[in-house]
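S.K.: pasting the structure only:
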């Protein structure tokens with residue numbers, strides 16, 4: 001339980017991770033997470049985002065956002081990955097609650 005609490009606390013305290021010019025921000029939500037991809041403060045439309053458990057990539061909208069559903073009922077830390085057609089890449093892990101609906 002302490003490990004789970006530590007992961008959750010680190011997730012809440014974490015800031016966005018910069019990698020390859022992209023900024024990947026993950027906002028956990030019931031049943032998944034909202035992922036926002038930006039570059040130098042500007043939304044990145046068309047970035048392909050997936051989670052380590054995802055079977056297919058979702059594409060960001062004009063605001064750089066996409067919702068990635070949890071793949072099972074269990075809450076856990078999930079690694080999210082964003083890629084652009086220009087070869088840019090960013091990753092970030094976040095704790096998300098499972099889909100209990």
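M.R.: Cool, got the structure. The structure displayed is predicted, hence computed values, not measured ones.
S.K.: Please name the bridge partners of residue 65.
M.R.: In this entry, residue 65 is beta-bridged to residue 36, by DSSP bridges.
S.K.: you'd agree it is up against residue 38?
M.R.: No. Taking contacts as CB atoms under 8 Å, residue 65 lies outside contact range of residue 38: 9.9 Å. From N, CA and C alone the C-beta is placed, and that goes for glycine too.
S.K.: now what about the helix or strand where residue 49 lies, what contacts it?
M.R.: Assigned by DSSP states H and E, residue 49 falls within strand 48-51. Applying CB atoms under 8 Å, 6 or more residues apart in numbering, the external contacts of strand 48-51 come out as 33, 35, 37, 56-60, 66, 68, 71, 78-84.
S.K.: Does the residue lying closest to residue 53 once chain neighbours are set aside lie in a helix or a strand, and which?
M.R.: Nearest non-adjacent residue to residue 53, counting by CB to CB, 6 or more residues apart in numbering: residue 71, 4.1 Å away. In the assignment (DSSP H and E), residue 71 maps to no helix and no strand.
S.K.: burial of residue 71, as a residue count?
M.R.: 15 (other CB atoms under 10 Å).
S.K.: likewise residue 61?
M.R.: Neighbourhood size, residue 61 [other CB under 10 Å]: 12.
S.K.: Against residue 76, how distant is it?
M.R.: 26 Å (CB to CB, to the nearest Å).
S.K.: how about the helices in this protein?
M.R.: Counting by DSSP state H, the chain has helices at residues 2-13.
S.K.: Give me the residue ranges of the protein where confidence is low.
M.R.: Along the chain, the parts satisfying pLDDT under 70 run over 1-20, 54-55, 72-73, 98-101.
S.K.: residue contacts, residue 83?
M.R.: Counting by CB under 8 Å, 6+ apart, residue 83 touches 47, 48, 57, 89.
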